[in-house]
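Asks: how would this look folded up:
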Amino acid sequence: MSLPFFSADDVKSAVSMQEAIDLMEVAFSSVNNKTAEAPLRVNMPIPDQAAHHLSMPAYINGGKYLTVKLINVHTNNPSKGADLINGVIVVMDAETGSAIALIDGKSVTALRTGAASGYATKILANNNASTLVVFGNGVQANAQIEAICQVRDIESVKVIGRDSTKVELFCNKLDVRVSPGNLNDLKHADIICTATTSNEPLFKFNHISSGTHINAVGAHGSRKREVPAELIQRSKVFVDSLISSYKEAGNILIPIESGDYSWDKVQCEIGQLSNTKSKGRSKESDITFFNSVGTAVQDLVVSNLIMERNTGAI
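Replies: Residues are numbered from 1 along each chain as shown. Presented below is the predicted three-dimensional model:
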């Protein structure tokens, strides 16, 4: 079997960040209204390699395609000069079940995860938000910045990371709005994005100000978290998928296990806001928090558009 392969460059040319942000509304809406089929992903540990493998199938009822994303996350890769995430998306014809294409999984993952934060920011952040702080200096941090700048008029971006040299190199590749930052910048941040592999909170609640919107995308395991329990307690919390969050959202699970929070305090799945035409923020001083563990439906909707724009290659 010889299948067409759509590379990272193909993904970039087929789907813009703004289009990906718009697609996230479709994805999250379908998760919430149950028109999407997306079982809990298989998360297989690879302990001797400090890694884990994820298998993520998805389908939207009535759709032309179904997809399975196969992703490997190797924690030590960045220190070796290799990518943290590698993988592929298998696209299958929904009617026949035949495999018809392969898509670079790493680039779709970065695009759709950044776009998810872009969509959440679009509907949850204050309209006049202009300052952004990003934790992390990898591929996903770049996608976060690109997405947030699509939905808000951002004047300043501060980047915080463990290695100051890597942070400076990262910032130098971007425009003049982007520069290295520190925890003191959080007090002036309208929007914060956390895109790290941290197991412990990156900051304290008293570092931030009222009215802030936070997107947390790095912690996708029950024992991992990027934010403190107090932030969860004092924010309006939204998730991408409740079913997935019950198992993998360490930012929420850890405070619940310690008795500091409960699931009934979560506002809703973010797709519910679209489906019910509701607002997540009731006043400017609200602190809003979007916890993203990721859902395969995000990969599916992006893959659908890639397929539509490359039908001549099939």
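Asks: and the protein, what are its domains?
Replies: Segmentation of the chain into domains, based on automatic domain parsing, reads 5-108+297-313, 123-296.
Asks: tell me the most buried of the ones you listed?
Replies: The highest mean neighbour count among the domains of the chain, using mean count of other Cβ atoms under 10 Å, belongs to domain 123-296: a mean of 19. C-betas here are computed from N, CA, C, even on glycine.
Asks: thinking again about what came up before, could you redo the domains of the chain as CSV and give each row mean pLDDT and distance to residue 115?
Replies: Below are the domains of the chain laid out as CSV (pLDDT from 0 to 100; distance: least, Cβ to Cβ, whole Å):
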stretch, mean pLDDT, distance to residue 115
domain 5-108+297-313, 94, 4
domain 123-296, 95, 6
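Asks: of all the ones you listed, which lies closest to residue 117?
Replies: Within the domains of the chain, the stretch nearest residue 117 is domain 123-296; the backing value is 3.9 Å (Cβ to Cβ).
Asks: for that closest one, measure first residue to last.
Replies: End-to-end span of domain 123-296 (Cα to Cα, to the nearest Å): 22 Å.
Asks: tell me which element residue 279 is part of?
Replies: For residue 279, there is no helix or strand it lies in under DSSP states H and E.
Asks: make JSON lines from the domains of the chain and add distance to residue 117 to it.
Replies: Below are those laid out as JSON lines (distance: least, Cβ to Cβ, whole Å):
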{"stretch": "domain 5-108+297-313", "distance to residue 117": "9"}
{"stretch": "domain 123-296", "distance to residue 117": "4"}
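Asks: isn't there a helix covering residue 13?
Replies: Yes. Remark: residue 13 belongs to a helix, assigned using DSSP: H, G, I helix; E, B strand; the rest coil.
Asks: and it, how far is that from residue 62?
Replies: As judged by Cβ to Cβ, to the nearest Å, residue 13 and residue 62 stand 27 Å apart.
Asks: which is the next helix or strand following the longest helix along the chain?
Replies: What stands out as the longest helix in the chain, according to DSSP state H, is helix 105-124. The element immediately downstream of helix 105-124 (helix or strand, assigned by DSSP H and E) is strand 131-135.
Asks: quick one: that following strand to chain centroid distance?
Replies: On the basis of Cα atoms, centre = their mean, to the nearest Å, strand 131-135 sits 15 Å off its chain's mean C-alpha point.
Asks: can you start the count at 10 instead of 1 from here on
Replies: Got it, first residue is 10 now, which makes that one strand 140-144.
Asks: give me the sheet partners of it and which way each runs.
Replies: In the sheet, strand 140-144 lines up against strand 165-169 (parallel), strand 200-203 (parallel) (DSSP bridges).
Asks: contacts made by the last one with the rest, please.
Replies: Strand 200-203 has contacts (Cβ atoms under 8 Å, 6 or more residues apart in numbering) with 126, 130, 134, 138, 140-145, 150, 153-154, 157, 161, 163, 195, 211, 217, 221-228, 235-236.
Asks: ok now it, how far from the chain's centre?
Replies: That offset, for strand 200-203, works out to 11 Å (Cα atoms, centre = their mean).
Asks: next helix or strand past that strand?
Replies: strand 222-225.
Asks: direction included, what does that following strand pair against?
Replies: Strand 222-225 has these strand partners (DSSP bridges): strand 200-203 (parallel), strand 297-300 (parallel).
Asks: which one of the ones you listed lies closest to residue 119?
Replies: Judging those by Cβ to Cβ, what sits closest to residue 119 is strand 200-203, at 13.2 Å.
Asks: now do the helices in the chain.
Replies: All helices of the chain, identified by DSSP H, fall at 17-23, 26-41, 114-133, 148-160, 173-181, 238-243, 251-257, 259-266, 279-285, 305-317.
Asks: between those helices, which one is nearest to residue 93?
Replies: helix 148-160 (7.5 Å).
Asks: contacts for that closest one next, please.
Replies: The contact list for helix 148-160 (Cβ under 8 Å, 6+ apart) reads 26-27, 29-30, 92-94, 115, 119-120, 122-124, 126-128, 130-131, 134, 141, 143-145, 163, 166, 168, 179, 183, 187, 200, 202, 204, 224, 226-227.
Asks: again, 7 Å this time
Replies: If you take Cβ atoms under 7 Å, 6 or more residues apart in numbering as the criterion, helix 148-160 is touched by 26-27, 30, 119-120, 122-124, 126-127, 130-131, 141, 143, 163, 166, 168, 183, 187, 200, 202, 204, 226.
Asks: returning to what we had before: Serialize the strands paired with strand 140-144 to a markdown table and add fields for distance to residue 268.
Replies: Shown next, in a markdown table, are those (distance: least, Cβ to Cβ, whole Å):
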| stretch | distance to residue 268 |
| --- | --- |
| strand 165-169 | 30 |
| strand 200-203 | 24 |
